[in-house]
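Participant: Give me a model of this one.
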Amino acid sequence: ADFLPEDAPVGHSAYDKIKFDEHKGRAQAKVDIDGTRMNFQITVALCSGSRHAANVILRAMLVKAESGCSKQDVETFKKECCQRLSAWKKRGGDENAAEKAAAVSA
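Facilitator: All right, here's what the predicted structure looks like:
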């Protein structure tokens, strides 16, 4: 779906690194890149209420970080993803459409 970034490939380590904090409504992950620990997080609220979108965006962020993007570039990417999702939602889009499509094709 064009309102979400490309998800991490199946089997990518990003799937195992994400922890979801139900109490705070956020997905979070820690990665070590060249000996530097980076923490990333994204809230469901920032993703128009979609836990699925939060997980997809965070996995895409981890892929970017592991490919050499700076933390600032990854945070900018997150902001752009959330803005695109919000704009799509305001136009009447269903933020869970990608999740539903993924379930059908699985």
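Participant: which residue is nearest the middle of this structure?
Facilitator: Ile57 (1.5 Å; Cα atoms, centre = their mean).
Participant: shaky segments in the chain?
Facilitator: Residue ranges of the chain with pLDDT under 70: 1, 95-106.
Participant: so how far is Asp32 from the residue nearest to the residue nearest to the centre of the chain when sequence neighbours are not counted?
Facilitator: Spatial nearest neighbour of Ile57, chain neighbours left out: Cys81 (4.7 Å); criterion: Cβ to Cβ, 6 or more residues apart in numbering. To be clear about C-beta, it is placed using only N, CA and C from the backbone, and glycine gets the same treatment. As judged by Cβ to Cβ, to the nearest Å, Cys81 and Asp32 stand 23 Å apart.
Participant: neighbour count winner among those two?
Facilitator: Cys81 (22 against 9; other Cβ atoms under 10 Å).
Participant: Phi, psi for that one please.
Facilitator: According to degrees, to the nearest 10, the main-chain angles of Cys81 amount to phi -60, psi -40.
Participant: Repeat that for His23.
Facilitator: Main-chain torsions, His23, degrees, to the nearest 10: phi -60, psi -40.
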